[in-house]
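**Q** sequence first, then the predicted structure, then my questions.
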Amino acid sequence: AQSVAQPEDQVNVAEGNPLTVKCTYSVSGNPYLFWYVQYPNRGLQFLLKYITGDNLVKGSYGFEAEFNKSQTSFHLKKPSALVSDSALYFCAVLSGGGNKLTFGTGTQLKVEL
Amino acid sequence: SQTIHQWPATLVQPVGSPLSLECTVEGTSNPNLYWYRQAAGRGLQLLFYSVGIGQISSEVPQNLSASRPQDRQFILSSKKLLLSDSGFYLCAWSSGNYGYTFGSGTRLTVV
């Protein structure tokens, strides 16, 4: 079975500091990995994805993620956090022959002044 | 451009009442359609997905059912709601390019 794990329930960071939200994966074959963000009482918004190619993927709102095959990780990063980045972040992997997204449990990011 | 519509935004229903949530997609044809449930504001659970009209795959046994009467319409239903059916329901679609687009969600409270 394919899965992703987000080991941190919550990440706190000061505005202006770099942030990292961790994700590790377990798949058979090549992984297709995604990051989504969710604001309160809203649907999920796509941030970025890794399908193939460059290990460093750049996405929306200044976020990026690094695919590391040896560590089976796909951590989300941003060089300088903003208070408006505070939200719930989900890592996901595509499975089931490309038909189904399996999500991690989510990490609540809190950026404080 | 493609858009996804999900309604209603919020719903309060008594235990034992029926449920019907609707999701429609515009601007694409033959999309894969999905219903997810998010409990307690955190984890997302895939409930149903559909790769075509009348084709429904159920991921977990439960009190809910899904139907796809038209290519771009996906309906989540229940004959009798339980308290445990409360949650945030999200519809999503994909067109095979590995991008998923989510609706704005329905907050269901069963009382």
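**A** Perfect, I can see it now. A quick note: this is a predicted structure, and the numbers were derived from the prediction, not measured. Numbering: from 1, shown residues only, chains lettered A, B, ... in the order given.
**Q** wait, isn't residue A:107 in contact with residue A:4?
**A** No - the pair residue A:107 / residue A:4 is not scored as a contact, 11.3 Å apart, by C-beta atoms under 8 Å. Every residue, glycine included, has its C-beta placed from N, CA and C.
**Q** for the closest residue to chain A within chain B, give me its contacts.
**A** The minimum distance from chain B to chain A, using C-beta to the nearest C-beta, falls at residue B:102 (3.9 Å). Each residue near residue B:102 by C-beta atoms under 8 Å, 6 or more residues apart in numbering or on different chains is listed here: A:36, A:43, A:44, A:45, B:4, B:90, B:91, B:92.
**Q** neighbour-wise, which of residue A:107 and residue A:4 wins?
**A** Neighbour totals were compared for residue A:107 and residue A:4, and residue A:4 leads with 24 against 21 (other C-beta atoms under 10 Å in any protein chain shown).
**Q** identify the bridge partners of that one.
**A** Under DSSP bridges, the beta-bridge partners of residue A:4 are residue A:25.
**Q** coming back round to it: pLDDT added to the contacts of residue B:102, as TSV?
**A** TSV is the format used below for the contacts of residue B:102 (pLDDT from 0 to 100):
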residue	pLDDT
A:36	95
A:43	88
A:44	91
A:45	93
B:4	92
B:90	94
B:91	96
B:92	95
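**Q** need the residues of chain A near chain B, please.
**A** A:32, A:34, A:36, A:41-46, A:49, A:51, A:88, A:90, A:94, A:98-103, A:105-106 (C-beta under 8 Å from any C-beta of the partner chain).
**Q** rewinding a little: closest to residue B:22 among the contacts of residue B:102?
**A** Nearest to residue B:22 among the contacts of residue B:102: residue B:91, at 8.6 Å, using C-beta to C-beta.
**Q** give me the neighbour count for the residue nearest to residue A:38 when sequence neighbours are not counted.
**A** Among residues not flanking residue A:38 along the chain, residue A:88 sits closest, at 4.5 Å (C-beta to C-beta, 6 or more residues apart in numbering or on different chains). If you count neighbours by other C-beta under 10 Å, residue A:88 ends up with 19.
**Q** helix/strand/coil for residue A:88?
**A** Of the three states, residue A:88 takes strand under DSSP: H, G, I helix; E, B strand; the rest coil.
**Q** next, the one residue sitting closest to the centre of chain B: phi, psi?
**A** Nearest to the mean C-alpha position of chain B, counting by C-alpha atoms, centre = their mean, stands residue B:35 at 3.3 Å. Main-chain torsions, residue B:35, degrees, to the nearest 10: phi -120, psi 130.
**Q** pLDDT score for it?
**A** Note on residue B:35: pLDDT of 96.
**Q** repeat that for the one 3 residues further on.
**A** On pLDDT, residue B:38 comes in at 91.
**Q** got the contact list for it?
**A** Residue B:38 touches B:44, B:45, B:87, B:88, B:89, B:90, B:105, counting by C-beta under 8 Å, 6+ apart.
**Q** circling back to that earlier point, just the ones in helices from the residues of chain A next to chain B, please.
**A** Members of those lying in helices (criterion: DSSP state H): none.
**Q** return the members of those residues classed as buried.
**A** For these, a burial check counting by 16 or more other C-beta atoms under 10 Å in any protein chain shown picks out A:32, A:34, A:36, A:42-44, A:46, A:49, A:88, A:90, A:94, A:100-103, A:106.
**Q** was I right about residue B:80 contacting residue B:17?
**A** Yes - under the criterion of C-beta under 8 Å, residue B:80 makes contact with residue B:17 at 7.3 Å.
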